[in-house]
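K.L.:
Have a look; sequence and predicted model below, questions after that.
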Amino acid sequence: MSSRIPKIDLSDFQDHAELTQDQMKKLWALFSQIQHNLKQEKVHSGTVYLAEIGNYLTDMWAYDNEELYNNLTNQLEAAPNE
């Protein structure tokens, strides 16, 4: 008995990647604003550092997501689903 693996619709993943990319941009903007506000208020340096960590993580996630999005887009353009 052979089981057939259904074909994956890459456009679903592409849509998700686009949405995630937009969310990452908003998250990065949020951390940037928090970081800016904290520096203006002269708060504890540890608090500013936490905002910097948030920015760094968001940057890394956005980069990974952009790479995934580009790979999916290239695959869709090379071999569209039937």
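P.N.:
Alright, I've got the coordinates.
K.L.:
Could you report the neighbour count for Gln75?
P.N.:
Counted with other CB atoms under 10 Å, residues neighbouring Gln75 total 14. All C-beta atoms are positioned from the backbone trio N, CA, C, and that covers glycine.
K.L.:
Give the rounded mean pLDDT of the helix or strand where it lies.
P.N.:
Assessed by DSSP states H and E, Gln75 sits inside helix 45-78. If you average the pLDDT over helix 45-78, you get 81.
K.L.:
shift numbering so it begins at 844
P.N.:
Sounds good: first residue 844 from here, last item helix 888-921.
K.L.:
What are the buried residues along that helix?
P.N.:
Neighbour counts over helix 888-921 (16 or more other CB atoms under 10 Å) mark 891, 894, 897-898, 901, 904-905, 908, 911-912, 915 as buried.
K.L.:
Which other helices and strands does that helix contact?
P.N.:
With contacts defined as 3 or more CB pairs under 8 Å, 6 or more residues apart in numbering; DSSP states H and E, helix 888-921 has these neighbours: helix 853-884.
K.L.:
Which elements pack onto the helix it packs on?
P.N.:
Counting contacts by 3+ CB pairs under 8 Å, 6+ apart, helix 853-884 packs against helix 888-921.
K.L.:
just the angle between the helix it packs on and helix 853-884, please?
P.N.:
160 degrees (axes from the mean of the first three to the mean of the last three CA atoms, to 10 degrees).
K.L.:
How far does helix 888-921 sit from its chain's centre?
P.N.:
On the basis of CA atoms, centre = their mean, to the nearest Å, helix 888-921 sits 4 Å off its chain's mean C-alpha point.
K.L.:
Residues touching stretch 859-876, excluding its own?
P.N.:
894, 897-898, 901-902, 904-905, 908-909, 911-912, 915 (CB atoms under 8 Å, 6 or more residues apart in numbering).
K.L.:
Alright, that wraps it up for me.
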